[in-house]
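Asker: fold the following, please.
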Amino acid sequence: MQTQEEELNLLARTDWESNFKLRRIKTILAEHVWEHLTYEEGVEAARICYELLEPQGYIRCAVPDAFFRNEWYQNIVKIGGPGPNDHPAASHKIVHNYRTITSMFEEAGFKVKLLEYCDESGEFHFNAWNPEDGFIYRSFRFDHRIKKNELGFVSLIVDAVKE
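Answerer: Have a look, this model is predicted:
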């Protein structure tokens, strides 16, 4: 089931209840969603998701990466975005790095697996993941802006697993 914010607000339990009733969820795919929440809102949304996931269920989450060393990219993904209010990044409230997103999901009870991320020195790390378990377009393997030997656009991608 694919949804937009108008149909499912991550922070509104009533939206979750009306969309999923009593069904448990196996996988939640959130590609470039969590950066539109503050850290505290992100923890709250993760807690709600945790309650609704079945055991071993997970959130595959992709967000912009604060440790990716590219000035153009950082200007695009920064808090508040690069310009007009109608720009998709205008509602960015946080730019996560692997430490903050791990902490956020762990605070909600998840075990976090890092799939794609940059470390503090800007080095990109890739741990194999199956797109059939949750396809992320804005990723190392699938984003058309990534050229051979040059990262044009990266996402910080994690699986937050309910154990």
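Asker: rest of the way, CA atoms for contacts and neighbours
Answerer: Fine.
Asker: ends of stretch 27-46, what's the gap?
Answerer: End-to-end distance for stretch 27-46, by C-alpha to C-alpha, to the nearest Å: 13 Å.
Asker: list the buried residues for that stretch?
Answerer: Across stretch 27-46, burial judged by 16 or more other C-alpha atoms under 10 Å covers 27-37, 39, 41-46.
Asker: one more: stretch 62-77?
Answerer: Residues Ala62, Val63, Pro64, Asp65, Ala66, Phe67, Phe68, Arg69, Tyr73, Gln74, Ile76, Val77 are the ones in stretch 62-77 that count as buried (16+ other C-alpha under 10 Å).
Asker: and the fourth one, what element?
Answerer: Applying DSSP states H and E as the criterion places Asp65 outside every helix and strand.
Asker: show me the buried residues of stretch 27-46 that map onto strands.
Answerer: Mapping the buried residues of stretch 27-46 onto strands (DSSP state E) picks out Thr27, Ile28, Leu29, Ala30, Glu31.
Asker: where does pLDDT dip in this structure?
Answerer: Applying pLDDT under 70 to the chain flags residues 1-6, 148-149.
Asker: for the lengthiest helix in it, packing partners?
Answerer: Counting residues, the longest helix found in the chain (DSSP state H) is helix 39-52. Packing partners of helix 39-52 (3 or more C-alpha pairs under 8 Å, 6 or more residues apart in numbering; DSSP states H and E): helix 98-107.
Asker: who does the helix it packs on touch, helix- and strand-wise?
Answerer: Using 3+ C-alpha pairs under 8 Å, 6+ apart: helix 98-107 touches helix 39-52, strand 111-118.
Asker: and with 10 Å instead?
Answerer: Judged by 3 or more C-alpha pairs under 10 Å, 6 or more residues apart in numbering; DSSP states H and E, helix 98-107 is in contact with helix 39-52, strand 53-63, strand 111-118, strand 156-161.
Asker: which of the ones you listed is buried the deepest?
Answerer: Of all the helices and strands packed on helix 98-107, strand 156-161 has the most neighbours on average by mean count of other C-alpha atoms under 10 Å, namely a mean of 26.
Asker: show me what that strand is packed against.
Answerer: The contact analysis (3+ C-alpha pairs under 10 Å, 6+ apart) places strand 156-161 against strand 25-31, helix 39-52, strand 53-63, helix 98-107, strand 111-118, strand 124-126.
Asker: sounds good, over and out.
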